[in-house]
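# what follows is a protein structure lacking sequence information:
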């Protein structure tokens, strides 16, 4: 868990995840999104995507994991998250997350993070910005 004094502008955090069939199905069940673009291979063959695409909001779920367990690791409240979905991703893609601290306000205990997600071919899938307020644990 990071304290505001531990956070420095320019600090980067990296995380990778493979979008497995099992993860894709679990997100479908959790979200209730059974759109054919995500679940129907025959439908997708008739689209420009040609195969099932991953769930865009699965990316924000992974960001929640990063913020909550990796950096800043459970000491924050997410005040804002912007999402720019640049390209689709597919089942079996490897998504590489890069999070960077771009601003810090010590008095308000607020940090701004930029996020970029690329696939295994270095194609940008997602960009965004988060504003997090680091909390104090009361003893």
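Sure, I can see it. Worth saying up front: this structure is predicted, and the values here are computed from it rather than measured.

# nearest to the spatial middle of this structure, which residue is it?
Central residue of the chain (CA atoms, centre = their mean): residue 63, 3.2 Å from the mean position.

# ok now the helix or strand hosting that one, how far from the chain's centre?
When elements are assigned from DSSP states H and E, residue 63 belongs to helix 56-65. A distance of 4 Å separates the centroid of the chain from that of helix 56-65, by CA atoms, centre = their mean, to the nearest Å.

# tell me what whichever helix or strand comes after that helix is packed against?
As assigned by DSSP H and E, the chain's next helix or strand after helix 56-65 is strand 76-85. If you count contacts as 3 or more CB pairs under 8 Å, 6 or more residues apart in numbering; DSSP states H and E, strand 76-85 packs onto helix 56-65, strand 124-134. The way it works is simple: take the backbone N, C-alpha and C, and place the C-beta from them, glycine included.

# is it possible to get JSON lines of the ones you listed that adds distance to residue 25?
Shown next, in JSON lines, are these (distance: least, CB to CB, whole Å):
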{"stretch": "helix 56-65", "distance to residue 25": "11"}
{"stretch": "strand 124-134", "distance to residue 25": "20"}
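
# who wins for proximity to residue 86 among these?
Ranking the helices and strands packed on strand 76-85 by distance to residue 86, with CB to CB as the measure, places strand 124-134 first at 4.9 Å.

# what lines up beside the closest one in the sheet?
Applying DSSP bridges to the sheet, strand 124-134 is found paired with strand 76-85 (antiparallel), strand 110-118 (antiparallel).

# where does this structure dip in pLDDT?
Confidence mapping of the chain against pLDDT under 70 gives the ranges 1, 136-139.

# is residue 29 part of a helix or strand, or is it coil?
Assigned with DSSP: H, G, I helix; E, B strand; the rest coil, residue 29 falls in the helix class.

# from here on, call the first residue 12.
I'll keep to 12 as the first residue from here, and by that count the last item is residue 40.

# what about it, how many residues nearby?
Per other CB atoms under 10 Å, the neighbour tally for residue 40 reads 9.

# for residue 138, same thing?
Using other CB under 10 Å, residue 138 has 15 neighbouring residues.

# now do the contacts for it.
Applying CB atoms under 8 Å, 6 or more residues apart in numbering to residue 138 gives the contacts 95, 97, 125-128.
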